[in-house]
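**Student:** please find the sequence and the predicted model below.
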Amino acid sequence: MRNAMPMPDEYRDDRMYVMRISSNFEKSDGRLISAPIREDAPEEIDGPVLLITYRNTYSLPAVRTDEFATISEALSYIQRVEPTCPRISLGGKATLPTPTWEAHLEWLHSEGLKSAAEGDCPLPLWVKGSM
């Protein structure tokens with residue numbers, strides 16, 4: 001019998017990776033980055049932006065961080081990279097040919113999902129209300 005609660009290493013949906021935009025982050029020694037987990041996307045972003053890429057499991061381990069000077073640069077990156085995300089249903093491979101940004105958004109919305117560019121804020125299983 002399956003547990004009611006998903007396991008931390010189970011994938012949350014068909015995407016192998018998801019991203020989150022953070023404008024509230026701190027750097028120490030130029031290497032260590034601290035970005036608080038928020039349940040909502042920042043409304044107004046002025047200044048540097050951190051884009052965090054997570055493995056899309058319920059524990060959401062961070063696998064990459066990229067810093068951008070502006071939100072515009074981050075959104076451009078998301079639009080270029082997000083459609084290339086590998087999918088579980090494709091055996092861990094990306095859709096080929098790579099869908100357009102519009103086709104990617106259409107697929108996300110048909111699955112009841114949002115893009116990081118639309119303010120998607122994935123939360124790990126241990127954060128109250130993340131299910």
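**Tutor:** All right, it came through fine.

**Student:** quick one: secondary structure of Pro97?
**Tutor:** Under DSSP: H, G, I helix; E, B strand; the rest coil, the three-state class of Pro97 is coil.

**Student:** how about the strands in this structure?
**Tutor:** Taking DSSP state E, the strands of the chain run over residues 17-22, 26-28, 32-34, 49-55, 62-68.

**Student:** now Arg20: closest residue in space that isn't a chain neighbour?
**Tutor:** Distances taken as CB to CB, 6 or more residues apart in numbering place Ile52 nearest to Arg20, at 4.9 Å, with adjacent residues excluded. C-beta here means a position set from N, CA and C on the backbone, and glycine is covered the same way.

**Student:** so that neighbour makes contact with Glu67?
**Tutor:** No - between Ile52 and Glu67 there is no contact under CB atoms under 8 Å: 10.2 Å.

**Student:** tell me which of these two has more neighbours.
**Tutor:** Between Ile52 and Glu67, Ile52 has the larger neighbour count (other CB atoms under 10 Å), namely 21 against 14.

**Student:** contact partners for the more buried one?
**Tutor:** Applying CB atoms under 8 Å, 6 or more residues apart in numbering to Ile52 gives the contacts Met19, Arg20, Ser22, Ala35, Ala62, Arg64, Thr65.

**Student:** give me the below-cutoff pLDDT ranges for this structure.
**Tutor:** 1-4, 26-27, 30-44, 128-131 (pLDDT under 70).

**Student:** can you give me the helices for it?
**Tutor:** Counting by DSSP state H, one finds helices in the chain at the ranges 71-81, 101-110.
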